[in-house]
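Student: Quick one, fold the following:
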Amino acid sequence: MDEIKIFAPASVANVSCGFDVLGFCLEPVGDEMIIRKINKPGLKISKIVGQKLPLEIKKNVAGVAAKAILAAYPSEFGFDIEIRKCIKAGSGIGSSAASAAGAVFGINQLLGNPFSPRDLIQFAMEGEGLASGSPHADNVAPVLLGGFTLVRSMNPLDVIKLPCPIELKAIILHPKIELKTMHAREILKKNVSLKKAVTQWGNLAAFISALYTKDFDLMSRSLVDEIVEPMRSLLIPEFEKLKKSAMEAGALGFGISGSGPSVYALANGIQDANAIADAMRRNINQVGIDFEIHISAINNQGIKIISSK
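Tutor: From the prediction side, this is the model:
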C-alpha cells in the first residue's frame, strides 16, 4: 500500500460528568485525509483545504502526531499528508483530535500496522498537546477506538472502550464562534471541593454503569457536571436557554462538548433526537446566532478507510 484516504470523525469529550476522561465518537461530521508514501524520508503537509492552518510540521497537530509515531518507528521512506478540514478549529468537537488521530492511523496503515489502535492514542496525544497546551486522550481515544471511551490513567496510559446502547443518539449544536481549548482551560479552577469531587465521581460511575445496563433513567440522572460547566457555560451564548429547551424536549442530558462552544444532548432514539434538535434550533434562531446542528448515532468504529492503493 502506497496511499490511503481516510475519514477522521468528530468527537465529544468530557460528556458532563467525565471531564478529561470520557468521550464518544460521532458519525456525520469529520475530516478527510490522504496520506501517501514519498521516496525521501521525513514528513510533508502539502495541502490543507477548508481552513487556513499551518503547513509547517511542528505547528500542525497532524504533523506533530506524525512525527511522534515515526520517532517510535523510523521509516526509510517519508509521508505526504493532505487534509480536507470539515471540522472547524475551535468548535469543541475534536478538530485537532481528528487531524492528529487521522495522521497516526494512516501512517500506521502504510507502515504495515506495527501499532495497535490503543498504541496510536499515545502518538495522537502529542498533537493534542500542541492545540491545548497539554496532551489529553479523551478526544483521540474515541476517534481511534470508536464508541465511548474512558481514560482510566494517563501515566501509564490506560484506556477502556465502553459499551453503548444502539438507541443512544447525540445532538450537536455548534454556534459559529471560536473558543480555543487553551483559553477555555485557563478559566478552570485548579482545586475543587471534596463535596463536589465526590458528587462528580458518583455521577461518572453511575453513567458508566448505565451504558452497560442500558438504564436510560440512570444515565439521565448521572449527566451532571459539578465542576467545569458552571464556569465554561458563561463563555457560550444562550447556554442555559438551550439546556432548558433540550431537557424539556426529552433530552437525557445536555452539556458542553469539549471546551465549547459546541453543546451536545443525548437522546433515547431518533424520534426524541429530532424533537430535541427542533427545540434547540427554535431557541437559538430567536437570538440570531449562526449555527450548525447535527444528529448522530454513536460511531462505534471510529476512523474509516475510504480507499487505498
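
Student: Check which helix or strand the closest residue to I93 other than its chain neighbours maps to.
Tutor: Using Cβ to Cβ, 6 or more residues apart in numbering and skipping residues adjacent in sequence, the residue nearest I93 is A10, 4.2 Å away. Glycine gets a C-beta too; all of them are placed from N, C-alpha and C. Using DSSP states H and E, A10 sits in strand 3-13.

Student: And that strand, what's buried?
Tutor: For strand 3-13, a neighbour-count test (16 or more other Cβ atoms under 10 Å) marks 4-13 as buried.

Student: Using CSV, lay out the residues you listed together with pLDDT and distance to S46.
Tutor: Shown next, in CSV, are the buried residues of strand 3-13 (pLDDT from 0 to 100; distance: Cβ to Cβ, whole Å):
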residue, pLDDT, distance to S46
I4, 98, 15
K5, 98, 14
I6, 98, 16
F7, 98, 19
A8, 98, 17
P9, 97, 23
A10, 97, 24
S11, 97, 26
V12, 97, 31
A13, 94, 29
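
Student: now the residues you listed as CSV including distance to I276?
Tutor: Below are these laid out as CSV (distance: Cβ to Cβ, whole Å):
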residue, distance to I276
I4, 37
K5, 34
I6, 31
F7, 26
A8, 26
P9, 21
A10, 18
S11, 20
V12, 15
A13, 20
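
Student: now, which of the residues you listed sits nearest G30?
Tutor: For the buried residues of strand 3-13, the closest approach to G30 (Cβ to Cβ) belongs to P9, at 3.9 Å.

Student: Excluding sequence neighbours, find me the nearest residue to that closest one.
Tutor: Sequence neighbours aside, G30 is the residue nearest to P9 in space, at 3.9 Å (criterion: Cβ to Cβ, 6+ apart).

Student: same thing with S16?
Tutor: Once flanking residues are discounted, S16 sits nearest to G255: 3.9 Å by Cβ to Cβ, 6+ apart.

Student: Quick one: low-confidence residue ranges for the stretch 201-309 of the chain.
Tutor: Applying pLDDT under 70 to the stretch 201-309 of the chain flags no residue at all.

Student: where along the stretch 201-309 of the chain do the helices fall?
Tutor: With helices called from DSSP state H, counting those that start in this stretch, the stretch 201-309 of the chain shows them at 216-222, 229-232, 239-248, 270-285.
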